[in-house]
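In: Requesting a structural model of the entry that follows:
(chains A and B)
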Amino acid sequence: SQTIHQWPATLVQPVGSPLSLECTVEGTSNPNLYWYRQAAGRGLQLLFYSVGIGQISSEVPQNLSASRPQDRQFILSSKKLLLSDSGFYLCAWSRGGTGKYEQYFGPGTRLTVT
Amino acid sequence: GNSVTQMEGPVTLSEEAFLTINCTYTATGYPSLFWYVQYPGEGLQLLLKATKADDKGSNKGFEATYRKETTSFHLEKGSVQVSDSAVYFCALRGAQAGTALIFGKGTTLSVSS
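Out: The predicted structure is shown next:
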């Protein structure tokens, strides 16, 4: 069976500090990978998605970036955090290809920027 | 473009009441439709799905029918429990490769005993 991991589970960082959140998927190959952010009391905002190693599509211009160094690894980064970066970050995967597949979500990372 | 609209919450019900959470969508072609549930402090879990018109998705007593004529995918449950308290998200996905899900804003359900 497939599993998706995210870490850390919670993070408190000062403004201006760097960020690295990691997501890994097990039990599948060539997945599509996604990063979402959920701000308090709001819906989900798609940040990045990837259909393969080194292939990243950005949905929202911001001070965040994403990388996919390995097939089942997806990293969300920032060089300098802003207060507005606080939120709940969710990684998700779906089967690759052109099918209308559902997405499966990780447990999330709660980021608080102080 | 594609979009999802779901009813504003919060929805507050007593245990064993009937639940309906409305969801309508705008999309080209024939998207797949999903309901996700998020319990406090957790990620999203897929609750049910439907991939073509007139399909009915069901799970854990929840049901939703893909209505092409009304572009709707309303979530229903005949008798809610306290443990159903959570945030519910309606979502759609088109057929293009790599297309991410498009989510509604979520509806908070609170069930009291």
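
In: Using CSV, write down the CA coordinates of stretch A:105-114.
Out: The C-alpha coordinates for stretch A:105-114 follow below in CSV (Å, rounded to 0.1, in the frame of the first residue of the first chain):
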residue,chain,number,x,y,z
PHE,A,105,-2.8,13.8,1.5
GLY,A,106,0.0,13.6,4.0
PRO,A,107,-0.6,14.6,7.7
GLY,A,108,0.6,18.1,7.2
THR,A,109,3.1,20.5,8.7
ARG,A,110,1.9,23.4,11.0
LEU,A,111,4.2,26.3,10.3
THR,A,112,4.1,29.4,12.6
VAL,A,113,6.2,32.3,11.6
THR,A,114,6.9,34.7,14.5
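
In: buried ones in that stretch?
Out: A:105-111, A:113 (16 or more other Cβ atoms under 10 Å in any protein chain shown). For the C-beta atoms, the positions are set from N, CA and C on the backbone; glycine is no exception.

In: List just the nearest of those residues to A:L82.
Out: Using Cβ to Cβ, A:V113 is the member of the buried residues of stretch A:105-114 that sits closest to A:L82, with 6.7 Å.

In: Return the residues in contact with the closest one.
Out: Shown in contact with A:V113 (Cβ atoms under 8 Å, 6 or more residues apart in numbering or on different chains): A:12-15, A:81-86.

In: In helices, which of those appear?
Out: If you go by DSSP state H, the contacts of A:V113 have nothing in helices.

In: can I assume A:Q6 is in contact with A:G106?
Out: Yes: using Cβ atoms under 8 Å, A:Q6 makes contact with A:G106 at a distance of 3.9 Å.
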